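Student: All I have is the shape, not the residue letters:
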């Protein structure tokens, strides 16, 4: 066991960004010796991601224009969890909106924080029993979909093809679940 951290007290806190998708504050603490330390802390709404897996072992991915990259990003379907909505309901909604797909089965894969400084909860799901339908994109979304074998998506993703960490993590978790199912059957 490590030593207990010295007591600190917050002496200042300033919200520097208050947006519907991200709130960021600077907080300054004073330690027992009187030294001040400033930290950044952000929070955002929950985000749900879904890996649509077909019986042939392929997954549907999005090629989506992202402002921050000034280019397209390869990602799993996903988006913000609306107020009053559960992460699983958001996963189903985002799957339908972005790809036109509906799933008979949704299996939770994991939940985690995007980072410690920016605490935005992420939830990933595996979607199976897929049926096709129409997309319903938001006005600012530029998305095309395509299918690729799950193993190839993971292999290429780890080689840099996928820059979106939550999507890569979701694909790795889906591959692990599929492999575990093979072993147990």
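Tutor: On my side now, so go ahead. Since the structure is predicted, the reported quantities are computational estimates derived from the model, not experimental observations. Numbers count the residues shown, from 1 in each chain.
Student: And this protein, what are its domain boundaries?
Tutor: Following automatic domain parsing, the chain resolves into domains at 9-43, 47-184.
Student: what about the residue of the chain positioned farthest from its centre, which SS state?
Tutor: Farthest-out residue of the chain from its mean C-alpha position, per CA atoms, centre = their mean: residue 33, at 39.8 Å. Following DSSP: H, G, I helix; E, B strand; the rest coil, we place residue 33 in the coil state.
Student: where's it relative to residue 10, distance?
Tutor: Using CB to CB, to the nearest Å, we find residue 33 at a distance of 16 Å from residue 10. In short, each C-beta sits where N, CA and C put it, glycine included.
Student: Quickly compare the domains of the chain and say which is most buried.
Tutor: Most buried of the domains of the chain by mean neighbour count (mean count of other CB atoms under 10 Å) is domain 47-184; its value is a mean of 16.
Student: What's the end-to-end length of that domain?
Tutor: 31 Å (CA to CA, to the nearest Å).
Student: can you give me the mean pLDDT across it?
Tutor: Average pLDDT, domain 47-184: 95.
Student: Compute the distance from the centre of that domain to the centre of its chain.
Tutor: On the basis of CA atoms, centre = their mean, to the nearest Å, domain 47-184 sits 8 Å off its chain's mean C-alpha point.
Student: what about the helices in this structure?
Tutor: 87-99, 150-156, 165-184 (DSSP state H).
Student: Report all helices and strands that the first one contacts.
Tutor: Spelled out, it's helix 87-99. In terms of contacts (3 or more CB pairs under 8 Å, 6 or more residues apart in numbering; DSSP states H and E), helix 87-99 is packed against strand 47-52, strand 58-66, strand 78-80, strand 102-113, strand 121-131, strand 143-149.
Student: and if you look at the shortest one?
Tutor: Other elements packing on helix 150-156 under the criterion 3+ CB pairs under 8 Å, 6+ apart are strand 58-66, helix 165-184.
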